[in-house]
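Participant: Predicted structure and sequence below. I'll ask about it afterward.
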Amino acid sequence: MKKVTTVSLQTMKKRGEKIAVLTAYDATFAWLEDQAGTDVILVGDSAAMVIGGEESTLTATMDQMLYHTRCVSRGVERALLVADMPFLSFQIAPQETVRNAGRFLAEAGAEAVKLEGGEAILDHVKRLVDVGIPVMGHLGLTPQSIHKFGGWDVRGRDEAEAERMIEDAVKLEEAGAFSIVLEKISAPLAEKITASLHIPTIGIASGPDCDGQVLVNYDMLGLYSKFNLKFVLKYLNLAEDISVAVRRYVKDIKNGDFPNQDESYDLV
Ligand code: KIV
């Protein structure tokens, strides 16, 4: 078992070895994902949606993200552990960004942080890298800007936005980011950005040519059934399996079939 680091991800890109990334929000899932060979575990602010039942990621707070990151850190041995910085924890002043990002490393066991945005957050990225906090960038359909975008459509389809995204990616690399998530952009644009960078890109809904892929674990396990997402390959249908299991449990209790002798203790 060789620990994955921000440096080994660069080597994987050079070797053409794909990087497998999944989200996790608790120790149990983190342990299972880590032991199954996931390279990077991201404590996404998608926690607000899949754990918190919210409509977007905007309500995620520092306290919630620190809690989830701490839980996940107890399950991770090999993977690189990245914590998502929630809305307004990094957009205001670089000093505040350093203080908040530092808490993920010092208090919650993260090894890097992820920030959404391009040009507007470059000063923050530089500052974090300067003080030793590794940064993963995030471009494309950045969910914290959902109200600016006005919906969940593919980003970068118009030429000006695509050009800006390529420039942003290069600037993030120059600012010291060790990797960039590309979310919901066309496959050709993701391929172009990936080819323009020395650092690895991690795609979600952005085609097969990124250096790695990330999915929300609840989506790929078929556990979060609010949306039917074209880009998600469901490796299980856990929502269905859980529903069947819970129905059986309720029925067994109502019928008096559980617990029986096997699940009971004797006096001695
Ligand atoms: O919050 C999240 O889970 C994410 C990934 C989907 C990239 O940002």
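Facilitator: Right, received. Where do you want to start? In this text, all values refer to a predicted model and were calculated from it rather than measured experimentally.

Participant: Skip the chain neighbours and tell me the closest residue to the residue in the stretch 1-150 of the chain that the ligand sits nearest to.
Facilitator: Nearest to the ligand in the stretch 1-150 of the chain, going by C-beta to the nearest ligand atom, is residue 44, at a distance of 2.1 Å. (C-beta placed from N, C-alpha, C; glycine too.) The shortest distance from residue 44 to any residue other than its chain neighbours is 4.2 Å, reached at residue 23 (C-beta to C-beta, 6 or more residues apart in numbering).

Participant: Quick check: phi and psi at that neighbour.
Facilitator: When quoted as degrees, to the nearest 10, the phi and psi of residue 23 stand at phi -80, psi 160.

Participant: Kindly report the same for residue 259.
Facilitator: Per degrees, to the nearest 10, the backbone of residue 259 is at phi -80, psi 160.

Participant: where's it relative to the ligand, distance?
Facilitator: Separation of residue 259 from the ligand (C-beta to the nearest ligand atom, to the nearest Å) stands at 39 Å.

Participant: same question, residue 199
Facilitator: Residue 199 is 16 Å from the ligand, by C-beta to the nearest ligand atom.

Participant: likewise residue 151?
Facilitator: 17 Å.

Participant: so that residue is in which element?
Facilitator: Following DSSP states H and E, there is no helix or strand that holds residue 151.

Participant: what's the burial count for it?
Facilitator: 7 (other C-beta atoms under 10 Å).

Participant: go on, the one 5 residues further on?
Facilitator: Other residues near residue 156 number 25, with proximity taken as other C-beta under 10 Å.
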